[in-house]
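Undergrad: show me the folded form of this:
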Amino acid sequence: MENIRNSILETQLLPSQTACFYLGQVGFLLKHLEKYILIDPYLTDYVDQHFTTDAVKWVRRYPAPVDPGDLDFADLVLCTHPHTDHADPWTLTKIAEVNDKAVFAGPDSVCDVYEELGIDSSRICRLKADQPHPFFNDVTVTPVPAAHEELHPDGRGGYEEVGYLLELGTQRIFHSGDCCPYEGLEQRIMNCDMMMLAVNGRDYYRRYEQDIIGCFEPKEAAIIAKRTGAGLLVPMHIDLYDVNALNPAVFVDTLMEVNRAQKFHIFMPGECYVLCD
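TA: Model (predicted):
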């Protein structure tokens with residue numbers, strides 16, 4: 001797979017546009033006003049190497065579209081929770097090694113991981129759920145509690161897992177992280193221009209025989225997008241691992257059943273989508 005570093009850097013945008021590059025699993029790189037924001041970059045085979053067992057075979061379907069060592073230009077790294085396909089130790093340590101300007105942000109559960117990896121505390125920003133945090137000119141990030149299959153309070157006034165509502169100029173982008181519906185979620189994420197939801201689903205056998213905690217079912221994603229007035233619905237977490245994937249045709253078929261008018265986009269690895277006002 002072609003390394004997309006040059007494509008990221010050379011993409012020219014208007015102030016009213018945001019470029020969204022898909023990195024695989026739930027990973028994205030957003031470019032806005034020449035600022036680069038990484039969300040859950042998982043760019044190695046850490047999971048394959050550390051979690052494959054006789055019962056569960058973790059094998060990446062495709063290589064990462066960019067090497068973490070090539071992300072020396074990133075300004076902000078956001079991880080949603082400590083699972084290693086979201087807060088990947090190998091990816092994060094490599095970015096910190098080659099990049100001395102990036103800020104590493106997230107809930108306390110993630111910031112503890114950053115510190116354990118040796119990232120200097122001066123580069124770590126602890127975010128609180130439901131509290132907007134301005135990072136750059138025209139960039140505000142609000143952590144949104146995420147129910148991975150249920151909400152997990154961290155005992156420190158926050159949650160173990162979050163998603164992120166990003167306000168980039170006039171655009172609103174929601175990245176759910178690993179999440180399921182819960183009371184209060186819809187009110188937090190109304191009228192997003194782009195809604196990125198993990199829709200790999202969940203079931204008893206994955207949860208209790210393979211220890212795989214689930215996320216949105218396709219029908220749930222379609223309903224929440226409709227109820228909140230989402231502009232563009234993007235399914236995530238569906239394509240990297242066979243043991244925890246979803247056939248995209250199932251997502252599309254369900255969406256056509258629930259809300260045929262809903263705009264959607266299914267990303268290919270390394271693909272860029274430019275979101276316009």
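
Undergrad: can you map out the strands along the stretch 1-150 of the chain?
TA: Applying DSSP state E, counting those that start in this stretch to the stretch 1-150 of the chain gives strands spanning 17-24, 27-32, 35-39, 76-78, 103-106, 124-126, 133-136, 139-145.

Undergrad: OK, contacts around Asn137?
TA: The contact partners of Asn137, taken as Cβ atoms under 8 Å, 6 or more residues apart in numbering, are Leu33. C-beta: built from backbone N, CA, C; applies to glycine.

Undergrad: just the one 5 residues further on next, same as before
TA: With contact taken as Cβ under 8 Å, 6+ apart, Thr142 is in contact with Asp130, Gln131, Pro132, His133, Tyr164, Leu165, Leu166, Glu167.

Undergrad: how far away is the fourth one from Trp58?
TA: Distance, His133 to Trp58, using Cβ to Cβ, to the nearest Å: 33 Å.

Undergrad: likewise the third one?
TA: Between Pro132 and Trp58 the distance, using Cβ to Cβ, works out to 36 Å.

Undergrad: swap in Leu9?
TA: 31 Å.

Undergrad: Gly118 reaches Thr93, doesn't it?
TA: Yes. Counting by Cβ atoms under 8 Å, Gly118 touches Thr93, with 7.1 Å between them.

Undergrad: and those two? which has more neighbours close in?
TA: Neighbour totals were compared for Gly118 and Thr93, and Thr93 leads with 14 against 10 (other Cβ atoms under 10 Å).

Undergrad: Pro132 and Trp58: who's more crowded?
TA: More crowded of Pro132 and Trp58, by other Cβ under 10 Å: Trp58, with 19 against 12.

Undergrad: and the gap between the more buried one and Leu240?
TA: Look at Trp58 and Leu240: by Cβ to Cβ, they are 9 Å apart.

Undergrad: give me the common contacts of the two.
TA: Overlap of the contact sets of Trp58 and Leu240 (by Cβ under 8 Å, 6+ apart) is empty.

Undergrad: and the helices in the stretch 101-250 of the chain?
TA: With helices called from DSSP state H, counting those that start in this stretch, the stretch 101-250 of the chain shows them at 108-116, 185-188, 204-209, 218-228, 248-258.

Undergrad: and for the closest residue to Leu33 other than its chain neighbours, the neighbour number?
TA: Excluding its sequence neighbours, the residue lying closest to Leu33 (Cβ to Cβ, 6 or more residues apart in numbering) is Asp138, at 5.9 Å. Using other Cβ under 10 Å, Asp138 has 15 other residues around it.

Undergrad: pull the helix or strand with minimum mean pLDDT from this structure.
TA: Every helix and strand in the chain was compared by mean pLDDT, DSSP states H and E; the lowest is helix 204-209, with a mean of 85.

Undergrad: give the buried residues for it.
TA: Across helix 204-209, burial judged by 16 or more other Cβ atoms under 10 Å covers Arg206.

Undergrad: show me what that helix is in contact with.
TA: Applying Cβ under 8 Å, 6+ apart, the external contacts of helix 204-209 come out as Ala55, Glu149, Ile212, Ile213, Gly214, Asn244.

Undergrad: from those residues, list just the buried residues.
TA: Among the contacts of helix 204-209, those buried by neighbour count (16+ other Cβ under 10 Å) are Ile212, Ile213, Gly214, Asn244.
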